[in-house]
Each structure stands twice: as C-alpha cells, then as structure tokens.
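**Q** I would like to see how this sequence folds:
(one chain, ligands or ions: 1)
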Amino acid sequence: MTSSWLDLLRPSGPLDVALLVVGSLAASLLTYVAWSYFLHPLAGTPGPLRAQLGIGGWATWRAAKRDFGWQLAALHDKYGSFVRIGRNEVSVVAPAAVSDLYKYGGQVKDKSRFYQFFKVTKPSLLATLAHDDHTLARRGVSPAFSMHLLVGLEEFVDACFEDLCTRLESQISQSGGKATINLGDLLQFLAMDVVGELAFGRSFGLVKAGYDTDAFLPMLDAYTASSCLSGTQPWARRVLHWWLTRRIGSSGNAALGKKASEAVARRLDELKQAEATGDTDSIRRDILSKLIAAKNPDGSPFTVDQVKVQANSILGAGSDTTSITFRALLAYIVRDESVYRKVMDEIEQALEEGIISFPISHGAGSKLAYLQACLKETLRLHPAVPWVLPRVVPKGGAVIAGRFLPGGVYAGMSPFVFHRRTEAYGADAAVFRPERWLEASDEEKKVLERNLLTFGAGNRVCVGKNVALMELTKLAPSLLYRFRVSFTPRTPTSPHQLPGRSVDGKVDDAEPWFCESQWFAHQREFFCDVEERVV
Ligand code: HEM
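**A** Coordinates of the predicted model:
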C-alpha cells in the first residue's frame with residue numbers, strides 16, 4: 001500500500017494521541033489569542049497584554065489584590081483615555097463619555113453581566129441588567145427614597161447619632177479624657193443602624209452594643225468581594241464564592257435574611273392591627289412602609305419576598321458606601337488644620353447666627369457652604385465605588401467619546417480614575433481643594449457636577465443618594481462640633497496591625513488607614529484619638 005503524508009498524522013499509539021490532543025489545544029489557543037490580538041473589535045486598544053491576548057484576568061487579579069483604582073489609574077496614565085482591561089471590555093476616562101455612556105435616554109442602556117452576582121436572592125435594582133426591566137423595577141422602589149419622605153425621618157437618624165455620642169463619651173470617660181477608638185467600625189455601625197431604622201423598622205443596635213453583634217461586616221465584605229470577583233469571571237463563580245466565604249466567613253448572611261424577615265413580618269402585623277383599630281397614623285412612614293406599599297408594573301403589590309430583597313440590598317448598598325464617605329470626609333478635614341479651622345468657624349458662626357441648632361437638620365446642614373464643598377471634594381477624591389461602572393454597547397455599536405465601539409463591547413468609567421484626570425477637574429485634579437466648588441461660576445459648577453460620577457449617573461444613579469447626603473450633611477458637622485478627632489499615630493503599641501495606605505495606594509505610615517480598592521474603596525483600621533470638645 002502506498003503511504004500518503006496524511007498517514008504521518010494518523011496516531012499509532014497513546015503517545016501520539018496525547019500529542020495530537022495537546023497540539024490541537026495549543027493550535028486553538030494560538031488561533032484564539034491571535035484573533036483577540038489582531039481581529040477582535042477592541043484589537044489595537046492599548047492595555048495589559050493579557051487583556052489584549054483575550055486571556056482576561058486583569059480585573060480579577062486586581063479585585064483579588066484589592067488595588068483596582070490605582071492600578072487602573074496607572075494604565076490610563078500610560079495609555080490615555082481608552083484602555084482595554086478585558087478581552088471584551090474597555091475603560092474610558094473622557095468627559096464626553098459621561099453622557100455617551102450614562103445619560104438618560106442615551107444609546108447605551110443595559111448594564112454588563114458584571115453586575116449579575118450583586119443580586120441578593122432575586123435581582124435587586126443594582127443587579128438588574130436590562131434597561132427596560134430596571135425602569136419598571138425602579139418605578140416601584142423610587143418613592144421610598146424621596147427627599148420629602150427622608151426629611152420626615154430625621155429624628156431616627158438623630159437617635160442613632162445620639163447612641164454614637166453616648167458610646168464615645170463613655171469610652172472617653174473610661175480612658176481619662178481621651179480614647180483611642182476604631183472610629184471606622186463605629187461609623188459603619190452608625191450607617192447600618194440608620195439603614196435599620198429606615199428600611200428594617202428599627203436600629204440594629206450596633207453602636208449601642210459597640211460590636212458587630214451578628215457578624216454583619218464580614219458578611220457584607222464577603223458579599224461584595226464575591227459579587228465583584230465573580231462578575232469578572234462568571235464561569236468561576238461557584239469556586240470564587242466558596243473560596244471567599246471560607247476565607248472571610250459570612251455567618252451574618254443568615255442573620256441578615258432573618259432580620260429582614262422579622263422586620264417585614266413585624267411591620268405587616270403592625271399594619272394589620274392598625275387597620276383593625278383604624279389607627280393607621282401610628283405606623284411609621286419610612287422606607288419599609290413605602291416598600292410594602294410598592295406596586296409592580298401590573299398593579300399587583302410587592303410580595304413579602306420582593307420587600308425583603310430590596311431591604312437587604314439597601315443594607316448591602318448603603319452602609320459601606322456611606323461609612324467610607326464619612327471616614328474620608330472626617331480625614332480630609334482633620335488632617336489639614338486650615339481646613340479644620342474653616343469648617344469649625346463656619347459651624348460656630350452658623351450657630352451664633354441661629355442658622356443651625358442641634359440636632360442639625362438636613363436643611364440647616366446644607367447651608368454650611370464650606371462643609372458642603374468639603375463633602376463634594378471628598379466624594380470626588382474618595383468615591384466609595386472606584387470600580388468601572390460597565391455598560392453594554394448596543395447592537396450596531398455606538399460612538400463613545402468620539403470613538404466608535406462595536407455592539408456587545410463592555411465600556412465603563414471608574415469614578416476614582418476619572419475624577420483625578422486633568423481633563424475632568426483641571427491641573428489640580430489630584431488635590432483636595434474645596435474652594436473649587438465655591439469659586440466656580442454657575443456654568444463651571446454644572447461641568448463639575450456633571451463629571452462627578454460618585455453616585456453613578458443617568459437612570460442608574462444611586463437611588464439612596466438622598467439618604468447618604470442627608471446622613472452626612474447632618475452628622476458630620478454634629479460629630480465635629482461635639483468631639484475633637486485626631487488620627488492615632490502608628491507606634492509599636494498602637495492597635496494598628498496593617499501599614500498605612502492611602503486611597504491612591506501610597507504606603508505611608510502617616511496615612512490614617514489601610515485603604516483597599518475593589519468594588520468599594522474601603523478603609524481598614526481607622527483608629528482615632530477622640531476627646532470631647534468644650535462647647
Ligand atoms: C456615599 C454613599 C453612596 C455612594 C457613593 C453610592 C454609590 C452608588 C453607585 C456608584 C451606584 C451605581 C452603580 C452603577 O451605576 O453601576 C449606586 C447604586 C445604588 N445605590 Fe448607592 N451609594 C451610596 C449610598 C447608598 C445608600 C445610602 C443606599 C440605600 C439606602 C444606596 C442604594 C443603592 C441602590 C439600591 C443602587 C442601585 C440603583 C439602581 O440601579 O437603580 N446607596 N450607588
């Protein structure tokens with residue numbers, strides 16, 4: 001029989017079979033890599049090599065290392081406005097992209113699959129990907145977050161703050177006039193107690209207890225870390241979730257579900273009794289009430305499950321974010337004596353002139369112009385969510401910041417990176433300068449506001465923005481007025497276990513915390529020396 005060259009390829013033993021399999025795999029991989037590098041619609045967009053080769057994993061690795069913000073900033077410094085951060089994903093930092101990607105009624109509408117694992121049990125608002133589904137869901141939930149409703153709930157926020165003052169005073173007196181306190185944790189307890197009051201019918205009592213009674217903090221950490229990591233590698237979700245929950249522990253998860261069930265059941269009971277006695281005025285008109293009264297698009301009332309999902313997602317979305325911002329605001333004010341002096345002079349003068357009184361209302365706090373400018377600068381330089389907020393370019397493609405991106409590509413902007421770019425905030429973009437918000441003309445202010453992505457933008461803008469701003473506007477001046485706060489210096493005997501690291505990743509022991517950058521820009525170990533002020 002005559003042999004052809006094809007016979008040479010025919011395996012004649014197990015070794016040949018193995019070689020053929022390995023060879024075929026290598027050839028497929030090479031073809032895939034070459035396609036990603038040369039032919040993919042994002043080919044030619046600069047970025048880390050592994051993203052360009054389509055292997056992916058850059059964002060996953062950054063999420064695992066929790067250094068996402070500053071690593072992405074460095075890539076943009078190197079490559080410019082468009083950086084390919086995944087096989088099919090691009091990060092953009094151009095002012096025009098804000099409206100191209102996020103504006104109401106714009107071409108780009110759906111969220112990318114990155115968000116899918118932020119669902120609690122069923123998709124919450126944050127995790128609803130399709131624009132149309134989200135619009136309907138948001139219509140039901142929005143009334144629960146109106147400023148009108150929230151202003152009527154200020155007394156509950158004040159009560160949580162009083163718990164904080166009592167705790168601080170007691171620790172201060174036990175320590176002989178000045179106490180070293182993990183203020184970072186206490187501020188998160190405060191934010192959680194406020195969410196408890198507004199969305200669960202009563203405070204969780206964490207500030208009063210002085211510790212994380214139901215292990216909520218590790219649970220929230222496991223929830224965001226696992227959702228974020230899994231979002232970057234959906235196929236590996238189960239493994240990542242298993243690994244993380246083992247590593248971080250998430251015992252609070254069950255406690256949280258239980259708390260939501262109890263809160264809804266309690267409120268439904270109260271409603272039933274009130275209706276029976278005709279005394280419906282005695283029912284608190286809070287977020288929980290509004291969620292219970294919410295309707296689906298077909299007019300049917302929210303089910304108990306829907307109410308629980310929304311309440312739980314509020315805890316997931318509202319407590320880390322608000323406390324990260326509170327810590328950052330305090331730190332920016334306290335670390336610079338001239339900023340601190342201006343804030344305190346403004347508060348004292350407003351008190352003298354009767355513009356504010358205690359407890360400071362949201363309306364009164366809003367009149368503290370310099371403090372509000374500090375808050376804006378804090379939201380700009382330390383956005384609680386530094387991650388890119390990825391959207392899907394629609395079929396047929398879209399022009400984003402002057403560049404055509406084909407349909408199906410994921411594109412997003414990182415508030416952290418964008419806010420530090422000169423094209424967004426000028427040559428001093430990296431500097432904390434509250435005055436920029438006060439000196440700007442009305443037209444300039446519109447641009448500053450438009451470029452501020454801390455709460456997202458467009459129809460996906462944070463639904464809890466009013467809750468956070470109300471809390472910070474009231475409580476930051478109240479805390480600063482009652483207590484003198486300074487960073488606990490790092491010494492061999494101080495309680496710190498981690499080195500100092502700033503929001504932009506600089507390791508420096510003068511920093512008040514160890515900052516991480518993943519979905520959240522969380523600060524660990526914010527220890528402060530706290531004294532009562534003579535007022
Ligand atoms: C300073 C505090 C806060 C910051 C910086 C913040 C930031 C954000 C951001 C960036 C988004 C949009 C994400 C995206 O486009 O992908 C978002 C959405 C959301 N936030 Fe906030 N948030 C804060 C406080 C709160 C609070 C207090 C609550 C609840 C009481 C809350 C509940 C939500 C919810 C439910 C969504 C999803 C909205 C939707 O998709 O319709 N947030 N937040």
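**Q** For the closest residue to the ligand within the stretch 401-535 of the chain, give me the backbone phi and psi.
**A** Relative to the ligand, the nearest point of the stretch 401-535 of the chain is Gly464 (2.0 Å; Cβ to the nearest ligand atom). Heads up, the C-betas are built off the backbone N, CA and C, glycines and all. Backbone geometry at Gly464, expressed as degrees, to the nearest 10, gives phi -100, psi 10.
**Q** Next to the ligand, which bits of the stretch 401-535 of the chain? Give me the list.
**A** Counting by Cβ under 6 Å from any ligand atom, the stretch 401-535 of the chain comes close to the ligand at 454-456, 460, 462-464, 467-468.
**Q** so can I have CSV of those showing secondary structure?
**A** Below are those laid out as CSV (DSSP: H, G, I helix; E, B strand; the rest coil):
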residue, secondary structure
Thr454, coil
Phe455, coil
Gly456, coil
Arg460, helix
Cys462, coil
Val463, coil
Gly464, coil
Val467, helix
Ala468, helix
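**Q** residues contacting Met470?
**A** 147, 150-151, 154, 157, 362 (Cβ atoms under 8 Å, 6 or more residues apart in numbering).
**Q** Relative to Asp16, which of the residues you listed is nearest.
**A** If you rank these by distance to Asp16 using Cβ to Cβ, Leu150 comes first, at 72.2 Å.
**Q** Assumed the closest one was part of a helix.
**A** Yes - with three-state DSSP as the criterion, Leu150 is part of a helix.
**Q** For it, the count of nearby residues, please.
**A** 21 (other Cβ atoms under 10 Å).
**Q** Pretty sure the residue of the stretch 401-535 of the chain closest to the ligand sits against Ala317.
**A** Yes - using Cβ atoms under 8 Å, Gly464 is in contact with Ala317, at 6.2 Å.
**Q** hmm, back to that, got a quick ChimeraX command for the buried subset of the residues of the stretch 401-535 of the chain next to the ligand?
**A** Buried residues within these, by 16 or more other Cβ atoms under 10 Å, are selected in ChimeraX with:
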select :454,455,456,460,462,463,464,467,468
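**Q** any low-confidence regions in the stretch 251-400 of the chain?
**A** 251-256 (pLDDT under 70).
**Q** quick one, strands of it?
**A** 391-392, 398-400 (DSSP state E, counting those that start in this stretch).
**Q** Tell me the secondary structure at the nearest residue to Lys445 once chain neighbours are set aside.
**A** Nearest residue to Lys445, sequence neighbours excluded (Cβ to Cβ, 6 or more residues apart in numbering): Trp437, at 7.2 Å. When classified by three-state DSSP, Trp437 comes out as helix.
**Q** So Trp437 is in contact with Leu448, correct?
**A** Yes - contact criterion Cβ under 8 Å: Trp437 and Leu448 qualify, at 6.5 Å.
**Q** quick one: common contacting residues for those two?
**A** With Cβ under 8 Å, 6+ apart as the test, Trp437 and Leu448 both reach Lys376.
**Q** related to what we said a few turns ago, what's the farthest-apart pair in the contacts of Met470?
**A** Most distant of the contacts of Met470, by Cβ to Cβ, are Met147 and Val157, 13.3 Å apart.
**Q** Show the residue spans covered by the helices in the stretch 201-350 of the chain.
**A** Per DSSP state H, counting those that start in this stretch, the stretch 201-350 of the chain carries helices over the ranges 206-209, 216-232, 237-248, 252-277, 287-293, 304-334, 337-352.
**Q** just the strands in the stretch 101-250 of the chain please.
**A** For the stretch 101-250 of the chain, applying DSSP E, counting those that start in this stretch gives strands covering 179-182.
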